[in-house]
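S.K.: Need a 3D model of the sequence below.
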Amino acid sequence: MSTLLITSIGELTTNVASPGDPCGTFADAAVLIDGDRVVWAGPSTQLPSRAADADEVLDLDGRAVVPGFVDSHTHLVFGGDRADEFEARMAGRRYEAGGIRRTVAATRAATDEELRRRLAGFVAELHAQGTTTFEVKTGYDLTVEGEVRLARLAAEVTDEVTFLGAHVVPAEYADDRDAYVDLVCGTMLDAVRRHARWIDVFCERGAFTPAEAERVLRAGAAAGLGIRVHGNQLGPGEGVALAVAQGAASVDHCTHLSDDDVRALAASQTVATLLPGVEFSTKQPYPDARRLLDAGVTVALASDCNPGTSFTSSMPLVIALAVREMGMTPAEAVWAATAGGARALRRDDVGHLGTGARADLVVLDAPTRVHLAYRPGVPIVERVIRGGVIVG
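M.R.: Sure thing, here's the model as predicted:
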């Protein structure tokens with residue numbers, strides 16, 4: 001394997017915590033990569049002697065480096081477009097979950113190649129903007145064969161595939177919800193699980209009740225899948241309590257939380273994944289990240305890239321929104337978009353640049369990570385390295 005030495009890093013964020021600095025930050029730093037793994041990271045003055053034998057040296061001339069972004073919540077396999085819904089919301093129409101069925105119809109009509117080509121475009125967007133690990137959900141077909149197709153296509157681009165047959169009840173089951181939940185928990189789950197690592201459910205008004213959601217999660221866990229939950233997006237509800245009770249890795253949205261919800265999250269291993277792109281696109285209130293952080297809750301940030309409520313693949317934008325609208329510091333937002341996302345996926349090999357981590361790095365055309373929030377909308381991701389290979 002070849003070795004790569006990255007030098008003259010103006011500010012290095014490792015996410016290897018030190019006293020008073022959970023981001024493990026170094027000035028005038030370097031990183032040594034062997035193959036696809038980090039073997040050393042720290043101040044340039046402490047470079048190990050083996051760095052002198054590196055096969056390649058990359059001088060960053062004072063640019064900042066952060067770990068590759070970990071986007072733990074996306075919906076990237078779909079057909080169609082819902083720009084008209086966005087336009088209507090900007091004019092004052094309220095968001096409701098029912099628009100998902102429009103995407104279901106368009107996705108069912110799309111060919112494999114059409115979906116694969118569009119998915120490849122989204123993956124290229126992710127890489128170009130610094131995302132090196134990402135999750136992809138099904139949920140835009142809601143038939144057995146269709147959900148298998150979406151999971152299979154998602155598995156072509158990521159190991160983090162989530163079965164979301166419980167996205168909404170499709171129109172053909174509108175008069176027999178129980179039959180659809182039976183399908184999700186039985187035949188559909190059996191067919192999809194070989195392609196998936198996770199199961200998810202949209203526990204919300206207009207989607208699935210807490211009792212229905214619990215049935216889905218229990219079935220998924222019995223089938224060997226990890227648990228994720230969409231919860232507390234449109235109003236107060238039982239999604240967070242259900243996620244914590246079922247030992248979910250993450251509960252996502254968390255916009256409307258009671259004090260009991262916050263206490264439950266703080267006492268659990270369940271990550272609160274916040275999706276500010278949704279609030280930007282729906283004009284709903286932003287989650288209160290400061291409240292969660294101050295209570296000791298582990299917080300992640302993700303894009304929720306989807307055609308209806310957050311059609312962005314930009315983790316830098318998500319970071320900027322979290323700082324501007326949700327009370328996070330730039331350091332907290334970067335940690336949540338990297339190490340936090342890794343926690344939400346229960347991964348210890350990504351989201352940080354400690355020894356043995358996968359060599360996923362983002363080089364910023366800026367001197368510090370603060371510029372991710374300070375310069376919103378500006379393409380400051382200068383270079384992306386994934387598994388030791390430059391991908392963007």
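S.K.: residues near the closest residue to residue 7 other than its chain neighbours, how many?
M.R.: Among residues not flanking residue 7 along the chain, residue 30 sits closest, at 4.8 Å (C-beta to C-beta, 6 or more residues apart in numbering). Every residue, glycine included, has its C-beta placed from N, CA and C. The tally of other residues near residue 30 (other C-beta atoms under 10 Å) stands at 25.
S.K.: Point me to the helix or strand that includes residue 30.
M.R.: strand 25-34 (DSSP states H and E).
S.K.: ok, now residue 216?
M.R.: Assigned by DSSP H and E, residue 216 falls in helix 210-222.
S.K.: The residue nearest to residue 7 and residue 39 touch, don't they?
M.R.: No: counting by C-beta atoms under 8 Å, residue 30 does not reach residue 39; the two are 11.5 Å apart.
S.K.: Longest helix in this protein, please.
M.R.: Longest helix in the chain by number of residues (criterion: DSSP state H): helix 112-128.
S.K.: which other helices and strands contact it?
M.R.: Applying 3 or more C-beta pairs under 8 Å, 6 or more residues apart in numbering; DSSP states H and E, one finds that helix 112-128 contacts helix 144-155, strand 381-386.
S.K.: for these, which one sits closest to residue 364?
M.R.: Between residue 364 and the helices and strands packed on helix 112-128, the tightest spacing by C-beta to C-beta is seen for strand 381-386, at 6.2 Å.
S.K.: I'd like to know which elements that closest one is packed against.
M.R.: Using 3+ C-beta pairs under 8 Å, 6+ apart: strand 381-386 touches helix 112-128, strand 361-364.
S.K.: Other residues contacting the next helix or strand after that strand?
M.R.: Next in sequence after strand 381-386, counting helices and strands by DSSP H and E, comes strand 389-390. Under the contact criterion C-beta atoms under 8 Å, 6 or more residues apart in numbering, strand 389-390 has outside partners 36, 383, 384.
S.K.: Could I get the pLDDT score of the first one?
M.R.: Just to be clear, that refers to residue 36. Listed pLDDT for residue 36 reads 98.
S.K.: Repeat that for the last one.
M.R.: We have a pLDDT of 98 for residue 384.
S.K.: List the buried residues for stretch 87-102?
M.R.: Using 16 or more other C-beta atoms under 10 Å as the burial criterion, the residues of stretch 87-102 that qualify are 89, 95, 97, 99, 100, 101, 102.
S.K.: Now render the helices and strands packed on helix 112-128 as JSON lines, adding mean neighbour count.
M.R.: As requested, the helices and strands packed on helix 112-128 are exported to JSON lines (neighbours: other C-beta atoms under 10 Å):
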{"stretch": "helix 144-155", "mean neighbour count": "21"}
{"stretch": "strand 381-386", "mean neighbour count": "20"}
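S.K.: Quick check: the gap between residue 359 and residue 378.
M.R.: Separation of residue 359 from residue 378 (C-beta to C-beta, to the nearest Å): 26 Å.
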